[in-house]
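> sharing a sequence plus its predicted fold:
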Amino acid sequence: MGNTDTRVRGIAARAGGWSARHRWAAVGIWVLFVVLAMGAGSAAGRVDVNESDQLKGETHTAAKIIEDAGIKEPASETVLIQAKDAGVKATDAEFRSAVSAVVDAVGATGKVTDVTSPYDTRTISKDGRSALVQFDMRGDADTAGDRVAPVLDAVKGVQKDHAGLRIEEIGGASMKKQYDDAFGDDFQKAELSAVPVALGILLIAFGALVAALLPVALAVTAIMATMGLMGIVSHLMPMSDTANSVMLLVGLAVGVDYCLFYLRREREEREAGRDAGTALRIAAATSGRAIIVSGVTVCVAMAGMLFTGLAQFEAMGLASLMVVAVAMVGSVTVLPALLSLLGDRVEKGRVPFLHRARRRATSAGGGKRRPADEGSRFWGAVLRVVLARPAVALVVAAGALLAIAAPALGMKTQQLTLDKEFGNSLSIVGTYNRVNQAFPGGSEPAEVVVRARDINAAEVKTALADFRTAAVTSGASRGPVDIRVHAQDNVAFVFVPLVGGSDQATAEKSLELLRDTVRPRTLGKVDGLQAPITGQVAGSHDFNDQLIGSVAPVFAFVVVFAFVLMLLSFRSLTIAITSILLNLLSVAAAYGILVAVFQHGWGASLVGASGVGAIVTWLPLFLFVILFGLSMDYHVFVVSRIREARMRGRSTKDAIRHGVVTTAGVVTSAAVIMVAVFAIFGTLSMQSMKQMGVGLAAAVLIDATIIRGVLLPAVMALLGERNWYLPKWLNRMPDLTHDEAPEAVAAPARQDERAGV
């Protein structure tokens, strides 16, 4: 298996060599690329995902009808007037006085239009204790939250004058304002705090400020360049704020990881007594290659999101793919140039009491070398136990992970309603619950968008009236059903409060009753009439259907392409198969933790997630793609080191021990950074973000410890020489290994030194 060819092979080795010889040019090209990307992106502007492109199916059709008609739906608001005393009714004088005061107060702000009284619209609850004053905000619905403050103040003023009643406002604009006030800075704070957290951990890991700054600088510049590229690409595929946040998370994770891999290997070779040029060549040929294999694998995993057909997922997938590609290119080009420029100055800014043993940078021909197997003592002790009893280690570790993954078999997914998303952290959640109790489905009604050749035609009016009646008599709604006609556009909106309210499962049954029974028997009888049903419940239902339909193709694409890449990169059928299986086990364990904590509530109070009862719909597929990609970082890095040691003549067990122990430091550092960054998002008040943060942090922790430290070495130890099995009929496939042993790259070192390395 030895590699006796002393020529420098592989893109990473050649790129690293060129960058080290032309270091100022490499740094200048990178800086120019980042500046040009940001400038071009700023000039182009970013196109965000349009509402009509968010989903397919009826939700998409409804949004398209509204968009084509040029109708700007206003932000609708509702004021709940509710008796605190069971004896007070909507027919009482005090209650009527409060309703009139609300109508007058909100109208006097000049910020609203179409204010309606519950006595005219019959929006009075069945028990007669609650009523709704409804109105629309003037201006663009997207910015209504910025203008709703005077209206909220007016409602609060009425509340002060009627202490016996509960008077509260709820709606798209008021919810957005309260959300922005409470959590508007959460994401920004989380994103900004991620960088100093990563820097602090790196400072501890390296013990030197300059060495710690390099990974952060690479990650930040890669993110900056990608933000610019996102603006350009958005004109072909729209982006979003969510995609931007995901890109930042992924970019910081892989950017730091890749730089860590490279820098740690260069440091290790110099500590072993090699000169600067040789150490850099070895790092380029070994860690550089691992970075490219890992980067391409991660890009393939992220590309899986493009097969969902969901605009948000496509945006997240493309943004993540781009930042990984940029970070990968930067790691194998500008990083070698910076290391060559800095030399021993990479140790500047050393932290007292950290890493007292300074690097012994001696020449290749002399000096005391550190033992090649020196590494983590902790993982060395673990490896001794694992390799002594690999079968026992495999059964115990795999059994533990399967037990952790078991709850995932009962996973329940749904779009989180307001009360589940925010719990009791927002006062408006209480209003939301009270409205739903008094008027089931009234806070988030189904919206039927009706388009006809002539919306005022007699048969259309009859069909609309029949639909309104049948929606209630069928049991899908308790009313009132509101119809708003836009005669000039031949479009009508029918708002149907669904039975079930915030109970998603019951509300979806009501929606299906409307779609499958009520609509065909009424509106469906008019030729040429379209009546797609949209709204929050419909959007969640359509999103679920589309997401479920995309699971199989995304899963197949990611697994098959990752398998092929591992096969080509390591030329081992066994390595490719075990890599996929171990990654799937890691993802399954993360699913199990999510279900246990957020669905069953085991330990939920520790993360502030009590009462959620479900996993947000988009998270399982998102986690699969992200985790499958990020897991390959560690896996490729560790297996590459094991294979390198095996090719240098070590026995399989010795190569496993060497590979795991010598990479333990960098894998641990990278994992700690990722866990810390993801955990920041786990502290946010939004349950969907909390689930994402906890899921990612738990998976990375499992991956860097149980998978890489126990299961991988146990499996490889049991397989022995079969780890390197490749059927003869596969020998003709492309050879992407390009392994470079230290002995191979040391030979041209003097030539590089003369060239200025």
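That came through fine.

> can you classify the residue nearest to Leu321 when sequence neighbours are not counted by secondary structure?
With sequence-adjacent residues excluded and distances taken as Cβ to Cβ, 6 or more residues apart in numbering, Leu321 is closest to Met302, at 4.2 Å. The C-beta positions use only the backbone N, C-alpha and C, and glycine is treated the same way. Met302 falls in the helix class when you classify it by DSSP: H, G, I helix; E, B strand; the rest coil.

> Met302 is in contact with Ala325, isn't it?
No - here Met302 does not reach Ala325: they are 9.3 Å apart, not a contact under Cβ atoms under 8 Å.

> three-state assignment of Asn456?
Assigned by three-state DSSP, the conformation of Asn456 is coil.

> okay, and for the stretch 51-200 of the chain, where does confidence drop off?
Scanning the stretch 51-200 of the chain for pLDDT under 70 picks out 51-55, 182-189, 191.

> which stretches of it form helices?
Assigned by DSSP state H, counting those that start in this stretch, the helices in the stretch 51-200 of the chain fall at 57-69, 93-108, 118-121, 149-161, 172-183, 186-206.

> and for the stretch 251-400 of the chain?
Using DSSP H, counting those that start in this stretch, helices in the stretch 251-400 of the chain cover 276-285, 287-303, 311-342, 377-388, 390-405.

> and Ala492, how many neighbours?
Using other Cβ atoms under 10 Å, Ala492 has 22 other residues around it.

> gap between it and Ser100?
According to Cβ to Cβ, to the nearest Å, Ala492 stands 30 Å off from Ser100.

> point to the residue nearest the middle of the chain.
The centroid of the chain falls nearest to Val246 when counting by Cα atoms, centre = their mean (4.8 Å).

> you'd agree that residue is up against Leu318?
No - using Cβ under 8 Å, Val246 is not in contact with Leu318, being 10.5 Å away.

> would you map the strands across the stretch 501-650 of the chain?
Under the criterion DSSP state E, counting those that start in this stretch, the stretch 501-650 of the chain contains strands at 533-534, 615-616.

> related to what we said a few turns ago, neighbour count winner among Met302 and Ala325?
A side-by-side neighbour count of Met302 and Ala325, using other Cβ under 10 Å, places Met302 first with 26 against 19.

> gap between the residue of the chain positioned farthest from its centre and Gln159?
Distance from the centre of the chain peaks at Ala93, with 53.2 Å (Cα atoms, centre = their mean). Distance of Ala93 to Gln159, computed by Cβ to Cβ: 18 Å.

> and Met733, that one's in a strand?
No - Met733: not assigned to a strand; according to three-state DSSP it is coil.

> contact partners for it?
Contacts for Met733 (Cβ atoms under 8 Å, 6 or more residues apart in numbering) come out as 567-568, 571.

> can you check Glu269 too?
Neighbours of Glu269 in contact, by Cβ under 8 Å, 6+ apart: 278-279, 282-283, 742.

> circling back to that earlier point, out of the strands of the stretch 501-650 of the chain, which comes closest to Phe33?
strand 615-616 (36.6 Å; Cβ to Cβ).

> who are the packing partners of that closest one?
Secondary-structure packing of strand 615-616 (3 or more Cβ pairs under 8 Å, 6 or more residues apart in numbering; DSSP states H and E): strand 413-414, helix 687-702.

> who does the longest one touch, helix- and strand-wise?
Counting by 3+ Cβ pairs under 8 Å, 6+ apart, the packing neighbours recorded for helix 687-702 are helix 418-422, helix 573-594, strand 615-616, helix 619-647, helix 652-682.

> now these in TSV, please, with extra columns for mean neighbour count.
Below are these laid out as TSV (neighbours: other Cβ atoms under 10 Å):
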stretch	mean neighbour count
helix 418-422	20
helix 573-594	21
strand 615-616	24
helix 619-647	25
helix 652-682	22
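
> between these, which one is nearest to Gly500?
Nearest to Gly500 among the helices and strands packed on helix 687-702 is helix 418-422; the distance by Cβ to Cβ comes to 13.7 Å.

> so Cys679 makes contact with Gly693?
Heads up, residue 679 is Ala, not Cys. Yes - using Cβ under 8 Å, Ala679 is in contact with Gly693, at 6.1 Å.

> one step back: CSV for the helices of the stretch 251-400 of the chain, including mean pLDDT and distance to Gln530?
Below are the helices of the stretch 251-400 of the chain laid out as CSV (pLDDT from 0 to 100; distance: least, Cβ to Cβ, whole Å):
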stretch, mean pLDDT, distance to Gln530
helix 276-285, 82, 61
helix 287-303, 84, 35
helix 311-342, 90, 22
helix 377-388, 87, 63
helix 390-405, 95, 45
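
> just put those in JSON lines and tack on distance to Phe637.
Output for these, formatted as JSON lines (distance: least, Cβ to Cβ, whole Å):
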{"stretch": "helix 276-285", "distance to Phe637": "12"}
{"stretch": "helix 287-303", "distance to Phe637": "5"}
{"stretch": "helix 311-342", "distance to Phe637": "12"}
{"stretch": "helix 377-388", "distance to Phe637": "14"}
{"stretch": "helix 390-405", "distance to Phe637": "20"}
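
> how about the helices and strands packed on helix 687-702 in a markdown table, adding mean pLDDT?
Shown next, in a markdown table, are the helices and strands packed on helix 687-702 (pLDDT from 0 to 100):
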| stretch | mean pLDDT |
| --- | --- |
| helix 418-422 | 75 |
| helix 573-594 | 92 |
| strand 615-616 | 86 |
| helix 619-647 | 85 |
| helix 652-682 | 84 |
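
> nearest to Ser174, of the strands of the stretch 501-650 of the chain?
In terms of Cβ to Cβ, the element of the strands of the stretch 501-650 of the chain nearest to Ser174 is strand 533-534, at 21.4 Å.

> mean confidence for the closest one?
Strand 533-534 shows a mean pLDDT of 90.

> report the distance from it to the chain centre.
Relative to the chain's own centre, strand 533-534 is displaced by 27 Å; criterion: Cα atoms, centre = their mean, to the nearest Å.

> and if you look at stretch 140-159?
Counting by Cα atoms, centre = their mean, stretch 140-159 comes out at 33 Å from the chain centroid.

> which parts of that stretch are buried?
141, 144-145, 147-148, 151-152, 154-155, 158-159 (16 or more other Cβ atoms under 10 Å).

> which one of these is nearest Leu387?
Among those, and counting by Cβ to Cβ, the member closest to Leu387 is Gly145, at 59.9 Å.

> and the residue nearest to the closest one when sequence neighbours are not counted, what is it in contact with?
Nearest non-adjacent residue to Gly145, counting by Cβ to Cβ, 6+ apart: Lys176, 3.4 Å away. Shown in contact with Lys176 (Cβ under 8 Å, 6+ apart): 144-145, 148.

> just curious, which of these is nearest to Asp344?
Using Cβ to Cβ, Gly145 is the member of the contacts of Lys176 that lies nearest Asp344, at 55.1 Å.

> how close does the closest one sit to Gly277?
59 Å.

> kindly report the same for Ile656.
Distance, Ile656 to Gly277, using Cβ to Cβ: 30 Å.

> could you do Ala131 as well?
Counting by Cβ to Cβ - Ala131 and Gly277 are separated by 81 Å.

> tell me which of these two has more neighbours.
Ranked by neighbour count (other Cβ under 10 Å), Ala131 and Gly277 place Ala131 first, with 28 against 25.

> isn't the more buried one up against Ile81?
Yes - taking Cβ under 8 Å as the definition, Ala131 is a contact partner of Ile81 at 5.0 Å.

> give the residues shared as contacts by those two.
Common neighbours of Ala131 and Ile81 (criterion: Cβ under 8 Å, 6+ apart): 90, 95, 99, 118.

> contact partners for Gln312?
Counting by Cβ under 8 Å, 6+ apart, Gln312 has contacts 49, 54, 240, 242-243, 618.
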